[in-house]
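In: Here is the input, now give the coordinates:
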Amino acid sequence: MLKYCILAVVLSLFALGQTSHAQDMDGIQKYLNDMAVSVKAADDPAEKRAILDRSFDAMARALDKVEQSPMISSDDRAGINLYRASLQENRDELAGVNGFDRVPDVRLDAFADYSVQSLEQAAEKTITISLVAALLIVIILILIV
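Out: Numbering: from 1, shown residues only. The predicted model follows:
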């Protein structure tokens, strides 16, 4: 009977951990979606670029701060570095550096949507970030913004 109780507790903790992790990733996705909404609401292309740049910068700073935390494992650091690389590609494309053509002013709304999708896919497909790391990223983003 004790084995079944322990198994039930372990399975419950695993299920709750997965739910919490999903909610924390939802916080990151909400931040990205809010960025896209802000870009679309802006009329001036310079303002749209500034919103995108500020958002990418805030995300990069959050990743830097989380990575410096002693609570982050080496696996989390590897995941953060992969996510940072995807974020940097979006920044490079926006600015038109490192082999990318600069995003034309008329395509900034579409680029905002593309950025949200590419960063969400990067988080889902290639990056494993623990509950602690995801929670820290969300908290730091809230504090930065």
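
In: For the rest of this, base every contact and every neighbour count on C-alpha atoms.
Out: Noted.

In: and residue 108, how far is that from residue 58?
Out: Computed as C-alpha to C-alpha, to the nearest Å, the residue 108 to residue 58 distance reads 19 Å.

In: do residue 28 as well
Out: Distance, residue 28 to residue 58, using C-alpha to C-alpha: 12 Å.

In: need the next SSE after the lowest-mean-pLDDT helix or strand in the chain, C-terminal direction.
Out: Least confident element among the helices and strands of the chain, by mean pLDDT, DSSP states H and E: helix 2-41 (a mean of 60). Downstream of helix 2-41, the next assigned helix or strand under DSSP states H and E is helix 45-68.

In: mean confidence for that following helix?
Out: Across helix 45-68, pLDDT averages out at 91.

In: buried set for it?
Out: Neighbour-count burial for helix 45-68, counted by 16 or more other C-alpha atoms under 10 Å, picks out 45, 48-49, 51-53, 55-56, 58-64, 66-67.
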